[in-house]
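Asks: Quick one, structure for this:
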Amino acid sequence: MPTRSKTSAVVEHHRKVQRQQDAKDRSSAKAGKAGKSKQPMQAGHREEPENPMPSQRLEKPGIEAQMELRPRFLAPDYRGSGKLQDMCALVTGGDSGIGRAVAVLFAREGADVAIVYLSEHEDAEETKRHVEAEGRRCLLMAGDVSDGAFCNQAVAQAVKHFGRLDILVNNAAFQMHAQKIEDVSDDRLDLTLQTNIGGYFRMARAAVPHLKQGACIINTGSVTGLEGSGHLLDYSVTKGAIHAFTKSLASSLLDKGIRVNAVAPGPVWTPLNPADQQAERIAHFGEKTDLKRPAQPEELSPAYVFLAAPCCASYITGIVLPVTGSVGAI
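Replies: Okay, the predicted model is just below:
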């Protein structure tokens, strides 16, 4: 048994450490108030655009060519190394935004790219030019991913054109804000569900018979599927479903040697958002992330390369990779 004098000494030692930490806390608090930066974080090879973003409203489906501040997708510091050499990828929503950035980097890594888009012909043609500038072939296909017959046709056309299909990127989406659940009509709910999760399901169903061992599917999820969003009710529902679909399909395709993963972006500067929110709100887009700015598409596309490349991710399936600009996204 320790003596009373010894325990008193231990107690006093505890209190001494406490007093020292209290003093450090007070000093840190004062320094924090005086010097804490509210500036957006820049951690790449070049500075990306910061808020305020242009106060602009786009009509659906949103044309990237009409954006006052064009999203950055070229990733000029990214050097290809043949990670996807002579593969074929099909990217839905590949005309602009994240899809365009993914298409360009896939081409830089040696893949031919088939792009599915709704009706944004000008954007799609520009994406094609950039894919071809990387020395690869590009096939454009306009149509609605909520239509099962179109999904079957698009996959068949890509396989016929390129002779194979190795990668499916499900990325097309419909997004529209709502202040309350009563604002979401049955028609709108059906549009969001059928485009976002229905389209992913139908494209995967069409693609799987053509995919061989070593192929992969990558789905675009969202931070809203991880955390929810009070103003994106129907959209968040579909993104959560996409995450579950990713894990379920990954389990289903294990025996075929086909990997299935998802990327969950935070706010990204693409036509999707100026075509959703009012102009005055778009000026502050991405400010609530820990990095205090939205991502540019070129900051997302390397994650898709990583998950697509067998040399990088052959042991990875059924994950949702957060690229959210904030700490603790899961």
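
Asks: what residue ranges in the stretch 51-200 of the chain are flagged as low confidence?
Replies: Applying pLDDT under 70 to the stretch 51-200 of the chain flags the ranges 51, 53, 55-56.

Asks: How about the contacts made by the residue most central in space within the chain?
Replies: Centroid-nearest residue in the chain, with C-alpha atoms, centre = their mean: Pro265, separated by 3.4 Å. Going by C-beta atoms under 8 Å, 6 or more residues apart in numbering, Pro265 touches 98, 220-223, 295, 300, 323-324. (Glycine included, C-beta is placed from N, CA and C.)

Asks: at 10 Å what do you get?
Replies: By C-beta atoms under 10 Å, 6 or more residues apart in numbering, Pro265 lies in contact with 97-98, 220-224, 239, 294-295, 297, 299-300, 303, 321-325.

Asks: What ranges does the stretch 51-200 of the chain have for its strands?
Replies: Here the stretch 51-200 of the chain has its strands, by DSSP state E, counting those that start in this stretch, at 88-92, 112-117, 138-142, 167-170.

Asks: Return the list of helices and strands in contact with the first one.
Replies: When you say that, I think you mean strand 88-92. With contacts taken as 3 or more C-beta pairs under 10 Å, 6 or more residues apart in numbering; DSSP states H and E, strand 88-92 sits against helix 97-108, strand 112-117, strand 138-142, helix 148-162, strand 167-170, helix 199-207, strand 216-220, helix 301-308.

Asks: now those as CSV including distance to His45 and mean neighbour count?
Replies: What follows is the helices and strands packed on strand 88-92, written out as CSV (distance: least, C-beta to C-beta, whole Å; neighbours: other C-beta atoms under 10 Å):
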stretch, distance to His45, mean neighbour count
helix 97-108, 15, 29
strand 112-117, 24, 28
strand 138-142, 26, 18
helix 148-162, 32, 18
strand 167-170, 25, 29
helix 199-207, 33, 23
strand 216-220, 24, 27
helix 301-308, 12, 22
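
Asks: can you tell which of the ones you listed is closest to Ile181?
Replies: Proximity to Ile181, assessed across the helices and strands packed on strand 88-92 by C-beta to C-beta, is greatest for helix 199-207 (23.0 Å).

Asks: So which elements touch the closest one?
Replies: Here helix 199-207 touches strand 88-92, helix 148-162, strand 167-170, strand 216-220, helix 233-252, going by 3+ C-beta pairs under 10 Å, 6+ apart.

Asks: what do you get if the cut-off is 7 Å, keeping everything else the same?
Replies: Under the contact criterion of 3 or more C-beta pairs under 7 Å, 6 or more residues apart in numbering; DSSP states H and E, helix 199-207 touches strand 88-92, helix 148-162, strand 167-170, helix 233-252.
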